[in-house]
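*Asks:* Using only what follows, build the 3D model:
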Amino acid sequence: MPKWEFSLNSESANKDLGKGFYTGPVPPIGNYWCLLKKITIGPNSNKDPMFKILLEIKEPEDGRPEFNGYGIWENLNVIDASAPWLNNFVDALDGQEQSPLRKLFVPGGGGVAYDSSGNVTKMGHVKPLNKMLLVSTKAGGDQFGNPRLDVARYLIGSEAPEIPEEDEEPSVALGEEDEGEFYTEEELKELNSAELREILDGWSISYAPKATSRTLIKIIINAQEESQAEEEGAEEAEDEEGAAAEVETYTKEELGEMDREDLLAIFESNGWETPRPAIPRKLIAEILRKQAEPPF
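*Replies:* All right, here's what the predicted structure looks like:
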């Protein structure tokens with residue numbers, strides 16, 4: 001029987017992941033010192049530029065080092081609506097309020113430098129990688145409803161204030177910024193196979209390990225068409241049957257203004273099974289269908 005011979009050196013057998021590899025529970029909400037491990041720039045589904053940021057808790061010994069290694073993802077769209085959160089981020093990077101880095105995002109401001117893989121190498125006079133940031137966190141959830149920590153805001157200096165209560169807009173995890181949107185075939189063709197697989201993994205849709213990009217695109221398109229058909233069917237059922245008396249009802253417009261966590265909370269409060277893929281459009285369609293069911 002043939003054997004594959006490898007070429008690692010003899011010292012490799014003694015190398016471990018180390019204490020920085022986090023395997024514990026989700027840390028409690030609080031303020032944490034975090035290391036900026038990764039920051040990339042690229043287009044979102046609307047072709048707007050977006051930063052994808054990975055932070056890793058790195059507390060000092062006199063802090064809460066038992067949570068060191070826990071990763072926190074954040075996406076920041078570079079659009080006018082996101083300006084307060086962009087400004088908060090660069091102020092923290094620069095360690096001062098009203099940082100001149102804010103001008104990077106306006107015409108003639110200089111922009112940011114990045115490599116061929118989209119990794120941001122420089123923002124004005126600051127090299128962001130491995131910067132230590134003080135992060136105020138809040139409760140969040142991934143696309144499967146599992147709890148996690150999200151960024152509430154970045155704090156400047158070591159004298160951090162208490163976490164404000166519900167005064168921040170929800171942030172989203174890697175890949176979730178597109179959950180409420182349907183991809184066009186043209187948009188999907190611009191993605192590589194790894195990015196297509198990431199979409200399907202996030203929607204809990206299976207595919208063959210050796211599936212080509214063309215096949216993956218077909219699977220995504222079919223899933224979206226199925227979700228849209230279910231949504232249309234739910235709307236028809238709502239018009240014909242009306243909402244069940246015991247269930248607090250919502251209009252399609254009201255549901256469309258809710259974020260994903262609010263939609264999931266409706267399923268939890270009514271004891272409904274969450275559909276898969278749990279993208280907002282599918283959640284809305286299922287809520288409308290449930291409301292249209294008779295109360296018996």
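
*Asks:* Just the helices from the stretch 151-296 of the chain, written as ranges.
*Replies:* 185-189, 193-202, 213-241, 252-256, 260-270, 280-292 (DSSP state H, counting those that start in this stretch).

*Asks:* mind listing what's buried in the fourth one?
*Replies:* It refers to helix 252-256. Leu255 (16 or more other Cβ atoms under 10 Å). Quick note: C-beta positions are derived from backbone N, CA and C, even for glycine.

*Asks:* Need the contact partners of it.
*Replies:* Around helix 252-256, the neighbours that count as contacts under Cβ atoms under 8 Å, 6 or more residues apart in numbering are 235, 263, 284, 287-288.

*Asks:* Closest one of the residues you listed to Val126?
*Replies:* Leu263 (37.6 Å; Cβ to Cβ).

*Asks:* Ala139 versus the nearest residue to that closest one once chain neighbours are set aside, what's the distance?
*Replies:* Nearest in space to Leu263, with sequence neighbours left out and distances taken as Cβ to Cβ, 6 or more residues apart in numbering, is Leu283 at 4.2 Å. The gap separating Leu283 from Ala139 is 19 Å, by Cβ to Cβ, to the nearest Å.

*Asks:* Over to Asp259?
*Replies:* 13 Å.

*Asks:* same check, this time on Pro84
*Replies:* From Pro84 to Ala139 the distance is 21 Å (Cβ to Cβ).

*Asks:* Repeat that for Ile53.
*Replies:* Ile53 is 19 Å from Ala139, by Cβ to Cβ.

*Asks:* Give me the more crowded residue out of the two.
*Replies:* More crowded of Ile53 and Ala139, by other Cβ atoms under 10 Å: Ile53, with 23 against 13.

*Asks:* Does the more buried one have any beta-bridge partners, and if so which?
*Replies:* Under DSSP bridges, the beta-bridge partners of Ile53 are Ile39, Glu74.

*Asks:* returning to what we had before: name the nearest of the contacts of helix 252-256 relative to Glu273.
*Replies:* Of the contacts of helix 252-256, the one sitting nearest to Glu273 (Cβ to Cβ) turns out to be Ile287, at 12.2 Å.

*Asks:* The closest one - how many residues pack around it?
*Replies:* Neighbour number of Ile287 under other Cβ under 10 Å is 24.

*Asks:* before we move on, back to that, comparing the helices of the stretch 151-296 of the chain, which comes out most buried?
*Replies:* helix 280-292 (a mean of 22; mean count of other Cβ atoms under 10 Å).

*Asks:* picking that back up, out of the helices of the stretch 151-296 of the chain, which gets nearest to Asn119?
*Replies:* In terms of Cβ to Cβ, the element of the helices of the stretch 151-296 of the chain nearest to Asn119 is helix 193-202, at 15.6 Å.

*Asks:* residue ranges with poor pLDDT in the stretch 1-150 of the chain?
*Replies:* Within the stretch 1-150 of the chain, the segments meeting pLDDT under 70 span 1-3, 15-21.

*Asks:* Show me the helices in it, by range?
*Replies:* 83-94.

*Asks:* For it, just list every one of the strands.
*Replies:* Along the stretch 1-150 of the chain, counting by DSSP state E, counting those that start in this stretch, strands occupy 31-43, 49-57, 71-77, 112-114, 120-123, 132-141, 147-155.
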